[in-house]
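J.: The sequence and its predicted three-dimensional model are supplied below.
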Amino acid sequence: MSEEEEDVLPAGARVWITGTLLKEPKHLSFSDGNEVTYLLVTCDIGGNRLVSVPCSARGTVSRYCQAKQYTRGDLLWIRGLVREKKENSGQITAVVNIEAMTGETSETWQESEA
């Protein structure tokens, strides 16, 4: 992880993320009943800088994400905890474990035509 990424997403930090879903979510179910959804969210961190934040949702939050059928381009609000993930290559990346999320707010709501 680069020094700049550590400043933006320090391990153990509780964060709020507002951003756009960069790719389709990846849902996985395991034989033991566990479920996980992986998301990649692009966030504006100020100063004309964007950062792509990998996120993972488990259990109830994963099922919520699946039920809402979020797709690429959706605007999301996420609360989570930053953890470090060691890749097979040995590289360490920051991942946000999602505690709560929504994509339905007054900012995304549009009144239907009557």
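T.: Cool, got the structure.

J.: Okay, and the residue most central in space within the chain sits in which element?
T.: Nearest to the geometric centre of the chain sits Cys55, at 3.5 Å (C-alpha atoms, centre = their mean). Element membership of Cys55 [criterion: DSSP states H and E] is strand 50-58.

J.: got a list of contacts for that strand?
T.: Residues from elsewhere that reach strand 50-58, judged by C-beta atoms under 8 Å, 6 or more residues apart in numbering: 5, 8-9, 17, 19, 22, 34-45, 64-65, 78, 80, 85, 93-98, 101. The way it works is simple: take the backbone N, C-alpha and C, and place the C-beta from them, glycine included.

J.: what bridges to the closest residue to Gln66 other than its chain neighbours?
T.: If the residues on either side of it in the chain are set aside, Gln66 comes closest to His27, at 5.5 Å by C-beta to C-beta, 6 or more residues apart in numbering. In this entry, His27 is beta-bridged to Thr37, by DSSP bridges.

J.: Just give me the neighbour total for His27.
T.: Applying other C-beta atoms under 10 Å, we find 14 residues neighbouring His27.

J.: Ser89 now?
T.: Ser89 has 6 neighbours, counted by other C-beta under 10 Å.

J.: Now it. Its backbone dihedrals?
T.: When read as degrees, to the nearest 10, the backbone of Ser89 gives phi -80, psi -10.

J.: got a pLDDT number for Glu87?
T.: What the model reports for Glu87 is a pLDDT of 75.

J.: does the closest residue to it other than its chain neighbours belong to a helix or a strand, and which?
T.: Nearest residue to Glu87 in three dimensions, chain neighbours excluded: Thr93, at 6.3 Å (C-beta to C-beta, 6+ apart). Secondary structure from DSSP H and E places Thr93 in strand 92-102.
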